[in-house]
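[1] Have a look at this prediction, sequence included:
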Amino acid sequence: MSTFKYIIVGAGAAGLHLTLAMLRQNLLKSNEKLLIIEPGLKKQNDKTWCFWEKEQGNWNQILTKSWNRGRVTAKNEAIDFNLNQYRYKMLNSIDFYEFAKTKIELEPNIHWLKDEVIELSESANGQVEVITKTYTFSSQLVFDSRITKDFFSPNKYYKINQHFKGWFIETENHFFNPERFTMMDFSIKDGQSTSFTYILPISTTKALVEFTYFTPNLVDNHIYDQFLNKYLEHKNAPKYKIISVEQGNIPMTNFPFEQYSTDSIIKIGTAGGWVKASTGYAFKNCERQADHIVRKLLNRQKLTTSSSSKYKHYDKLFLDVLSHQNNFGEMLFYKMYKRNKIETIFKFLDEKSNLLEDFSIISNLTSTPFIKAFGKHILSGFKLK
Ligand SMILES: Cc1cc2nc3c(=O)[nH]c(=O)nc-3n(C[C@H](O)[C@H](O)[C@H](O)COP(=O)(O)OP(=O)(O)OC[C@H]3O[C@@H](n4cnc5c(N)ncnc54)[C@H](O)[C@@H]3O)c2cc1C
C-alpha cells in the first residue's frame, strides 16, 4: 500500500483548483507526494464555466470570451448594465482541464491515477485508507469530491434544481451582439415557473443559448428543446445550426455538506458545499476555497471552510421563496437588477458585502414572499436547517 501526503479524489473543478493552488503556493516539499484519482479522461468539454471577477485573474490566458456589458430582461423591461471594473468571463472546461494537466505533468511528485474510489476508511489515528477498484492507498489528508448519498435521499433541506439545456448555435446571418451577454431573459417562460434564457454570444453569429429553470422539479428533455425553439423564434433568429449541446443540473440547497468532512477527509466542490446556494455558481468559489485550504495548510492551521453564516441565512431565505413561491422568481430578479448596482450585487453574491450593502440589497427585494420567509426564519430561531 503506497502512502501519500495528500490524496485528491476527483479531478473536476474543485480537485484541479486545489492542485493548482498547491502549485501556486508551493505547498509540496520535494519529499511530499500528491495523488489524484479520477475515473474520467477529462478530454471533453463537459461544462461552460462563467464567473465574474475584476479584469485581471488567473484564467485570462485560457478564456473563450469575456464581457463588460450585460442585460437582464424581466417584467417586459430590458435592464442593461455596465460591469465597470468587473468582467463576466467564459471558460470552457476542456481548456481548464488541459491547462491543469499540462502543469501537473511537469511535477514529479504529483501522480495521476485513472481509477474510481470505492471507499474511504478512516482509522482512529486519523490515517485514511483510500480503496479504489484496483488499489488501496493511505494518507493523513484526503480531499473528496464525491457527493454524500444522504444528499439524494429525502431530507428536510431546501433543494432547488438549477437545470438547463443549452444549444451552441451558429446562425446564417449576423444576429447576436457579441459585446453584451444576457444573464437572464424572462420573455419566454415555462408557465409561471422561474425559468429564463441565458445567452453567451461569442460573435455576431455564434452563441450558447440556454433555457434554464430554478425549480424544485425537473422536466423531460424535450421540454428544454421546445423552449429553446420558442425563444429563438420569438427573437426572429435567422436560420441556424446546432453545433453542440450542454446540459446540467446544479443543486441550489442549504444541505449541510460541510458536516460530512472530518479532520482527515475534507469534502470539496459540490460535495463540500462550495456551490453558492442562491446562484449555483461554484467555479470562482472553488478557486477561493482551494486557496484558503492551502493557506491553512501552509500555516499548519485546522482546516475549516471559509463561509459566513450571515450569507447562509440570506441563501436560506432565497431558497424558501423559490421553493414556496416559484412564480415570484421573475419579480425577484427584476427587483434585484433594477434597483441595485451590479458591483453591489456581485459583492453580495461573492459574500464580501458590508452590512450597509446587505441592507440595501435586502430592502430592495422586500416583498410579501420575502417577509413571509423572514417571519418563518425568525420563528424557527434563525436555524439554518
Ligand atoms: C453543465 C454545468 C455547467 C456549469 N456552469 C457553471 C458556471 O457557468 N459557473 C459556475 O460557477 N458554476 C457552474 N457549474 C457548477 C459547478 O461549477 C460545477 O458543477 C463544478 O464542476 C463543480 O465542481 P466539482 O469538482 O464539485 O465537481 P466536478 O467538476 O463534477 O468534479 C467531480 C469529479 O469527481 C470525479 N469522481 C466522481 N466519483 C468519483 C469516484 N468515485 N472516484 C474518483 N473520482 C470521482 C468525477 O469524475 C469528476 O471529475 C456548472 C455545472 C454544470 C453541471
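    That came through, no problem.
[2] For the ligand, what's its nearest residue on the protein.
    Nearest residue of the chain to the ligand: G12, at 1.7 Å (Cβ to the nearest ligand atom). From N, CA and C alone the C-beta is placed, and that goes for glycine too.
[3] Hmm, M331 is touching E77, no?
    No - in this structure, M331 is not within contact of E77 by Cβ atoms under 8 Å, at 11.7 Å.
[4] Pretty sure the residue of the chain closest to the ligand sits against G269.
    Yes - with contact defined as Cβ under 8 Å, G12 counts as touching G269 (6.2 Å).
[5] Now list whatever residues contact both of these two.
    Taking Cβ atoms under 8 Å, 6 or more residues apart in numbering as the contact rule, G12 and G269 both touch S145.
[6] When these two are compared, which one has more neighbours?
    Shown here are G12 and G269; by other Cβ atoms under 10 Å, G269 has more neighbours (27 against 22).
[7] what sits against that one?
    For G269, the contact set (Cβ under 8 Å, 6+ apart) comprises 10, 12-15, 145, 275, 282, 286.
[8] Next, format the residues you listed as TSV and append secondary structure and pLDDT.
    Converted to TSV, the contacts of G269 look like this (DSSP: H, G, I helix; E, B strand; the rest coil; pLDDT from 0 to 100):
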residue	secondary structure	pLDDT
G10	coil	98
G12	coil	98
A13	helix	98
A14	helix	98
G15	helix	98
S145	coil	98
V275	coil	97
A282	coil	98
C286	helix	97
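[9] And the ligand, is whichever strand or helix holds F227 touching that?
    In the assignment (DSSP states H and E), F227 maps to helix 221-234. No - on the criterion Cβ under 6 Å from any ligand atom, helix 221-234 is out of touch with the ligand, staying 12.6 Å away.
[10] can I assume A373 is in contact with L322?
    No - with contact defined as Cβ under 8 Å, A373 does not reach L322; the gap is 9.7 Å.
[11] so where's the stretch 251-385 of the chain uncertain?
    305-307, 378-379, 381-385 (pLDDT under 70).
[12] and if we set it to 90?
    In the predicted model of the stretch 251-385 of the chain, residues 302-310, 355, 358-385 satisfy pLDDT under 90.
[13] For the protein, what lies in contact range of the ligand?
    So the chain meets the ligand at 9-15, 37-40, 47-51, 116-117, 145-146, 246, 248, 250, 269-271, 275, 281-283, 286 (Cβ under 6 Å from any ligand atom).
[14] Now go through these and say which are in helices.
    In this view, the residues of the chain next to the ligand that belong to helices under DSSP state H are 13-15, 283, 286.
[15] Report the residue spans of the stretch 51-200 of the chain with pLDDT below the cut-off.
    Ranges of the stretch 51-200 of the chain meeting pLDDT under 90: 55, 124-126.
[16] rerun at 50
    By pLDDT under 50, the stretch 51-200 of the chain has no low-scoring segment.
[17] the helices in it, which residues?
    With DSSP state H, counting those that start in this stretch, the ranges of helices along the stretch 51-200 of the chain come out as 93-105.
[18] for it, what spans make up the strands?
    With DSSP state E, counting those that start in this stretch as the criterion, the stretch 51-200 of the chain has strands at 65-67, 69-74, 77-82, 86-92, 110-114, 117-122, 128-132, 136-144, 159-171, 180-185, 195-201.
[19] Could you save those as JSON lines and add columns showing mean neighbour count?
    Formatted as JSON lines, those follow (neighbours: other Cβ atoms under 10 Å):
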{"stretch": "strand 65-67", "mean neighbour count": "20"}
{"stretch": "strand 69-74", "mean neighbour count": "19"}
{"stretch": "strand 77-82", "mean neighbour count": "14"}
{"stretch": "strand 86-92", "mean neighbour count": "20"}
{"stretch": "strand 110-114", "mean neighbour count": "17"}
{"stretch": "strand 117-122", "mean neighbour count": "14"}
{"stretch": "strand 128-132", "mean neighbour count": "18"}
{"stretch": "strand 136-144", "mean neighbour count": "21"}
{"stretch": "strand 159-171", "mean neighbour count": "20"}
{"stretch": "strand 180-185", "mean neighbour count": "22"}
{"stretch": "strand 195-201", "mean neighbour count": "23"}
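[20] Out of those strands, the one nearest K33 is which?
    strand 110-114 (6.6 Å; Cβ to Cβ).
[21] and that closest one, which strands flank it?
    Sheet pairing for strand 110-114, assigned by DSSP bridges, gives strand 34-38 (parallel).
[22] Can you give the distance of the partner strand from its chain's centre?
    Centroid separation for strand 34-38 versus its chain: 22 Å, with Cα atoms, centre = their mean, to the nearest Å.
[23] tell me, how many neighbours does the closest residue to K75 other than its chain neighbours end up with?
    Nearest residue to K75 in three dimensions, chain neighbours excluded: Y334, at 4.7 Å (Cβ to Cβ, 6 or more residues apart in numbering). Other residues near Y334 come to 19 when the count uses other Cβ under 10 Å.
[24] Relative to I79, how far out is Y334?
    8 Å (Cβ to Cβ, to the nearest Å).
[25] shared neighbours, those two?
    What both Y334 and I79 touch, as defined by Cβ under 8 Å, 6+ apart, is the set V72.
[26] quick one: contacts for the residue of the chain closest to the ligand?
    G12 neighbours (Cβ under 8 Å, 6+ apart): 38, 145, 269.
[27] One more pass at 6 Å, please.
    Contacts for G12 were tallied using Cβ atoms under 6 Å, 6 or more residues apart in numbering; they are S145.
[28] Got the phi and psi for it?
    phi -100, psi -150 (degrees, to the nearest 10).
[29] Name the residues that touch stretch 60-80?
    By Cβ under 6 Å, 6+ apart, stretch 60-80 touches 81-83, 87-92, 95, 99, 179-187, 202, 330, 333-334, 337-338.
[30] again with stretch 108-126
    9, 28, 33-37, 39, 104, 128-134, 140, 264-265.
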